[in-house]
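Visitor: here is a sequence together with a model predicted from it:
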Amino acid sequence: MIDKLLFGYLATAIIILSIFVITRKNPVHSVVLMLVLFFHIAILYLTLNAEFLAAIQIIIYAGAILVLFLFVILLLNLKEELVVEKFVGFWPLGLSAAIAFAILVAITTAFMKGPEGNIGIDVIRNETNTKVLGRILFTDYLYPFEILSVVLLVAIIGAIVLTKRRLKS
Amino acid sequence: MVPLNWYIWLSGIVFIIGMAGFLTRRNIILMFISLELMLNAVNISLVSFSHFLKDMTGQILTLFIIAVAAAEAAIGLGIIIALFRNKATVHVDEMNEMKG
């Protein structure tokens, strides 16, 4: 009973916060509301027995990506947003596309769950989520892990190359 | 025990809100924020499936999606800064130099 109440509160808060995130005039307000949203999503991961992912969500998403967004908003000096019309002229079309997609998703309720694995909750609770995740990441998913490190390297190099000022010689 | 389809509904609704925000806002920073919202909706769905199917694949995929989202946010914001040097605006309607 209490877990349904907790899920109800988290789901309501996540939906209301996400509606607020996309409708604010000031982008800084959107980013701060998104920070609160990410905390709620991290608590949702905690109720799903994924405490390592909750910590990673807070550290990377709330701690790195949102700080990056705030720095870019600071650099671009976005004050003149407050005078211009914030939605595009054809916003009813975008909203109706989203509602049509929602109806499409609601129709597909006849789904069947796939085959079940064998790493239940008690296995995860015996050793921690970090250990189980690490064991599977470094044995079954080693190749995607190495590719991911190359992706991050490319992101670092690309970000520096894109924003470097060329010295006028 | 929270049933699985509640989590799927939550993930779908957040994804649709992110999609509506991406299609209707004119500020490019807010389009990026809606993109991150969509990725988080997919993450919620993956972690809930990993819990209910007793398999760790969903959590591994979530880790990959978080890392790729971080890389993509860095590159995308770098592109915005480089674009802002040439044309000092963040409204995508005014970025129409390549219009025929």
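Guide: Nice, I can see it.

Visitor: which stretches of chain A have low pLDDT?
Guide: A:78-91, A:106-126, A:167-169 (pLDDT under 70).

Visitor: please apply the same query to chain B.
Guide: Across chain B, residues meeting the criterion (pLDDT under 70) sit at B:100.

Visitor: what about stretch A:143-151, distance to the chain center?
Guide: Taking Cα atoms, centre = their mean, to the nearest Å, the mean C-alpha location of stretch A:143-151 is offset from the chain mean by 20 Å.

Visitor: for it, which positions count as buried?
Guide: Neighbour-count burial for stretch A:143-151, counted by 16 or more other Cβ atoms under 10 Å in any protein chain shown, picks out A:148, A:151. In this view, the C-beta of every residue, glycine as well, is placed from N, C-alpha and C.

Visitor: is chain B within reach of that stretch?
Guide: Yes. Counting by Cβ under 8 Å from any Cβ of the partner chain, chain B is contacted by stretch A:143-151 at A:144, A:148, A:151.

Visitor: out of the residues you listed, which are inside helices?
Guide: Of these, the ones assigned to helices by DSSP state H are A:144, A:148, A:151.

Visitor: burial check on residue B:88, number of neighbours?
Guide: 11 (other Cβ atoms under 10 Å in any protein chain shown).

Visitor: re the thing from before, which among the ones in helices among the residues of stretch A:143-151 next to chain B gets closest to residue A:69?
Guide: Nearest to residue A:69 out of these is residue A:151 (Cβ to Cβ; 20.0 Å).

Visitor: next up, the contacts around the nearest residue to the closest one once chain neighbours are set aside.
Guide: Sequence neighbours aside, residue B:71 is the residue nearest to residue A:151 in space, at 5.4 Å (criterion: Cβ to Cβ, 6 or more residues apart in numbering or on different chains). Neighbouring residues of residue B:71 by Cβ atoms under 8 Å, 6 or more residues apart in numbering or on different chains: A:151, A:152, A:154, A:155.

Visitor: without its sequence neighbours, what residue ends up closest to residue 57?
Guide: In the absence of a named chain, this looks at chain A. Closest residue to residue A:57 apart from its sequence neighbours, by Cβ to Cβ, 6+ apart: residue A:42 at 4.6 Å.

Visitor: chain B, not that one
Guide: Nearest non-adjacent residue to residue B:57, counting by Cβ to Cβ, 6+ apart: residue B:50, 6.6 Å away.
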